[in-house]
Every structure is written in C-alpha cells, then in structure tokens.
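> got a predicted model here, sequence first, then my questions.
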Amino acid sequence: MKAMDDLAGVTAAILAGGLGTRLSAVVADRPKVLAPVAGRPFLAYLLGQLARAGLTQVVLCTGYLGEQVQAALGETFQGLKLTYSKEPTPLGTGGALWLALPHFKSETVLVLNGDSYCEVDLRALWAWHAARGAQGTLVLAKKRHTARYGRVEAAPDDSIKNFVEKGGQGGPGWINAGIYLLSRLLLQTVPANRLVSLEQEMFPAWVGRGLFGYKTGGRFLDIGTPRAYGRAPGFFAPKRGRDPGPA
C-alpha cells in the first residue's frame, strides 16, 4: 500500500455505465453522467473533486453510450489521466469494477458512483481509512428520510454491521453516499464476468471483513430522478465556504 497520506498514488474509478432509465424523460440522448448541469456535464464535477484532492489516475467504467463519454472527456481532465473500461454487456456496479481491475495501479481504489456527488474531504477520508487498516470504507451521509436510498447501520467502532434495503424503514439515518475506498483483496472476490451489484451483493458479503463507514456532514446529491436532477444547478452554485465544483 502507498504511504498513509499519499492519496495521489491511489487510482480512482467512476462508475459511469448506468442506463439512467428514470432520468430518460429529461436526458434521453446521452448517458446519465453527461447530463448537463449549469453548462457542464455532471461528470465534470466528480472529476473536479478528484483533481482538487490531488489524484492523478482515473478509470471511467462506461457502458451504455460509453463512446459519448470518451468523446466528451478525452484522455485528460484538469491534470487527471483518464482511462476507459467499457462493458461489452451490462455488468452492474460490481461487475464493472471486476472488468476494470487490470487498470487499477494501486492496492486500494477510490470508487465514485457516477450519478451522485457528496461533499467530503477525500484526503481526510484516506487518512481515516488507512489509520484503521480497513479493507473497505463507505462514505455515509445523514438524511432525514432514508426510504428512497436504504440505510447503513454501523457499530460504535464505525464498522458496518447491516444494510437496510430501499423502501424499508424510513426516518432519519445514514445512507450510502456513493464514495468508497476498496482494497484489491475485496475487489478480487467479485464474481467474474457476470452482472454483479456492489450494493445488493458485495457490500453485504463484505460485512465483518474490514468494512467501515465514514460519516460526513457534507451535502449529498443524487441526480437519478428528474426532480433530484432539477436541484443540481442550485447544489453546485458557488457559495461561501462550499465546494465550488470544477474550476
């Protein structure tokens, strides 16, 4: 593993292969990660977050209309080197990472969902993860209503003990914010060459295997529905003391 404070040596992966079915009513001609927000594709805000944290290597796990993503972003973005791993058939969030394994140059991978954004200090996340010797860390965001997202339950030592499915118990709680640090050892346990869901299959399987939850007070946005997507311009509007998005 790299030095404990060396986030720059970590490969990042963005899961950008979703079909975006719920968003098709307002963004029908492009993959969800290219949905325009204040004149920029949504993906640019995620890449900007990685660039500001000092990362240099990003693997874009594409699928549906993936050629549009490569055409829009090219090989570099704000100092980031971009590599593409395109699914030949839909493999899900877990299968996409299995396919991309040969592109990862670090023993720990920083994974971001391509349709959500969470304000979090990635350097602090890395230090927290490394200090615990964790195999996997999920960023958790606090929500007043969790039924749409599902919820994540952690023990007092921040180890994850349970996942509650979407549509289950509502009310306030911690949700999966779509940012993960995952060891190569965990990723190598993803079943090969088939449709696999990180959220539904792998995360529950990794409970008790060094999986922790990092709780953040940062704002969270998921653009998966037209209503949520409509809030995106206001979310990224520059405000004092907030993450300004990409330069």
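On my side now, so go ahead.
> use CA for all of it now, contacts and neighbours both
OK.
> tell me where the protein has strands.
Under the criterion DSSP state E, strands of the chain are mapped to 11-16, 36-37, 40-41, 57-62, 76-77, 80-86, 108-113, 116-118, 136-143, 151-154, 160-164, 173-183, 211-216, 220-222.
> output the helix or strand of the chain with the lowest mean pLDDT as PDB, restricted to C-alpha atoms.
Using mean pLDDT, DSSP states H and E, the weakest-scoring helix or strand in the chain turns out to be helix 226-230, at a mean of 92. Written as PDB, here are the backbone C-alpha positions of helix 226-230 (Å, rounded to 0.1, in the frame of the first residue of the first chain):
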ATOM      1  CA  PRO A 226     -35.900  14.200 -12.800                       C
ATOM      2  CA  ARG A 227     -36.800  16.000  -9.500                       C
ATOM      3  CA  ALA A 228     -33.400  15.500  -8.000                       C
ATOM      4  CA  TYR A 229     -31.600  16.400 -11.200                       C
ATOM      5  CA  GLY A 230     -33.600  19.700 -11.300                       C
END
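> show me what it is packed up against.
With contacts taken as 3 or more C-alpha pairs under 8 Å, 6 or more residues apart in numbering; DSSP states H and E, helix 226-230 sits against strand 220-222.
> what lines up beside the strand it packs on in the sheet?
With DSSP bridges as the test, strand 220-222 is paired with strand 116-118 (antiparallel).
> check contacts around the residue nearest to residue 195 when sequence neighbours are not counted.
Sequence neighbours aside, residue 91 is the residue nearest to residue 195 in space, at 4.0 Å (criterion: C-alpha to C-alpha, 6 or more residues apart in numbering). The contact partners of residue 91, by C-alpha atoms under 8 Å, 6 or more residues apart in numbering, come to 193-196.
> and these, which is closest to residue 51?
Proximity of the contacts of residue 91 to residue 51 (C-alpha to C-alpha) peaks at residue 196, which lies at 28.8 Å.
> shaky segments in this structure?
Under the criterion pLDDT under 70, the flagged ranges of the chain are 1-5, 20, 167-169, 240-247.
> make it 90
Along the chain, the model assigns pLDDT under 90 to residues 1-6, 18-30, 64, 145-148, 150, 165-171, 224-225, 238-247.
> top of the contacts of residue 91 by number of neighbours, please.
Counting neighbours by other C-alpha atoms under 10 Å, residue 196 leads those with 21 neighbours.
> residues contacting that residue?
91-95, 190, 202.
> mind checking which of those residues land in helices?
In this view, the contacts of residue 196 that belong to helices under DSSP state H are 92-95.
> returning to that earlier point: mind checking which of the strands of the chain is nearest residue 100?
Evaluated over these, closeness to residue 100 peaks at strand 80-86, with 5.7 Å, by C-alpha to C-alpha.
> list only buried entries from the ones in helices among the contacts of residue 196.
Restricting the ones in helices among the contacts of residue 196 to buried positions leaves 92-95, with burial counted as 16 or more other C-alpha atoms under 10 Å.
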